[in-house]
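Novice: What follows is a predicted protein model with its sequence.
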Amino acid sequence: MHQEQQLNPWFSMWTKPRATIQQIIDNNPQHLVLLLAAVSGFAELLEQARVKSLGDRLEWPYIVVATAVLGPITGIISLYLGGALIRWVGSWLGGEASAQEIRAAIAWASVLTIWGLLLWLPELALFGQDLFTTATPKIDASLSLGFALLGFSLVEIILGLWALVVLLKCLGQVQGFSVWKALANLVLAFLVIMVPIMLLVFAFIALV
């Protein structure tokens, strides 16, 4: 009897996310989940440091070290809290996944984000502190560096969009959802958090 070829999730997640996450769920839904959450947490926090121009206050080597320490902690906490919220909200839509399966889907979908960490190596070598600062004198002084930054930015945008698609497909597979229903699951989970926060903010403003 012909045995179905095993997928390597580090590569197959790019093009076969549904089949890949199903293989992981069938074999061991806990496989590398915490490690993936830790590394992707580092990647996310590093990106946040760039977006928030943390380099205006810290040198970039300190930023990398700080995010390497704090990122794994926030990544694992986010996995458990976010996973629980997504499962709870998804149950309103008829979601079938267990908490463990939701965490596996989220963690393994982050494989693309983890691969994206490789882009930081040439970026840090080329741009250094300018990656994390509001002012970018090094990049502004060089047309070639400006084009290089644009190229990296385009790649990161495409990677981010495809990572979202992969997350939706993984979540959809474990929940028994289409991609669009998985998107609704994520949007509702976001609203469950944001609506109360916005109401509290508006109430505070009204009182003040």
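Specialist: Here it is on my side, so go on.

Novice: rest of the way, CA atoms for contacts and neighbours
Specialist: Will do.

Novice: From the chain's centroid, how far away is the strand or helix carrying G75?
Specialist: Using DSSP states H and E, G75 maps to helix 60-92. Offset of helix 60-92 from its chain centre (Cα atoms, centre = their mean, to the nearest Å): 9 Å.

Novice: just checking, what packs against the lowest-mean-pLDDT helix or strand in the chain?
Specialist: Least confident helix or strand, the chain: helix 179-207 with a mean of 87, by mean pLDDT, DSSP states H and E. Judged by 3 or more Cα pairs under 8 Å, 6 or more residues apart in numbering; DSSP states H and E, the packing partners of helix 179-207 are helix 60-92, helix 143-175.

Novice: quick one: buried residues of the first one?
Specialist: Judged by neighbour count (16 or more other Cα atoms under 10 Å), helix 60-92 contains these buried residues: 60, 63-64, 67-68, 71-77, 79-80, 82-90.

Novice: got it, and the last one?
Specialist: Residues of helix 143-175 classed as buried under the neighbour-count rule (16+ other Cα under 10 Å) are 145, 148-149, 159, 162-175.

Novice: Report the angle between it and helix 60-92.
Specialist: 30 degrees (axes from the mean of the first three to the mean of the last three Cα atoms, to 10 degrees).

Novice: tilt between helix 143-175 and helix 179-207?
Specialist: Going by the same axes, to 10 degrees, helix 143-175 makes 110 degrees with helix 179-207.

Novice: chain center to helix 143-175: distance?
Specialist: Its chain's C-alpha centre and that of helix 143-175 lie 10 Å apart, by Cα atoms, centre = their mean.

Novice: so for stretch 53-66, what's the average pLDDT?
Specialist: What stretch 53-66 shows for mean pLDDT is 95.

Novice: Look up how far G94 lies from the residue lying closest to G95 once chain neighbours are set aside.
Specialist: Leaving aside its sequence neighbours, G95 sits nearest to Q175 (Cα to Cα, 6 or more residues apart in numbering; 4.6 Å). Look at Q175 and G94: by Cα to Cα, to the nearest Å, they are 8 Å apart.

Novice: can you check A182 too?
Specialist: 11 Å.

Novice: Of those two, which one has the most company?
Specialist: A182 (26 against 11; other Cα atoms under 10 Å).

Novice: Isn't the more buried one up against L168?
Specialist: Yes: using Cα atoms under 8 Å, A182 is in contact with L168, at 5.5 Å.

Novice: just to revisit the earlier point, list residues touching both of A182 and G94?
Specialist: Q175 (Cα atoms under 8 Å, 6 or more residues apart in numbering).
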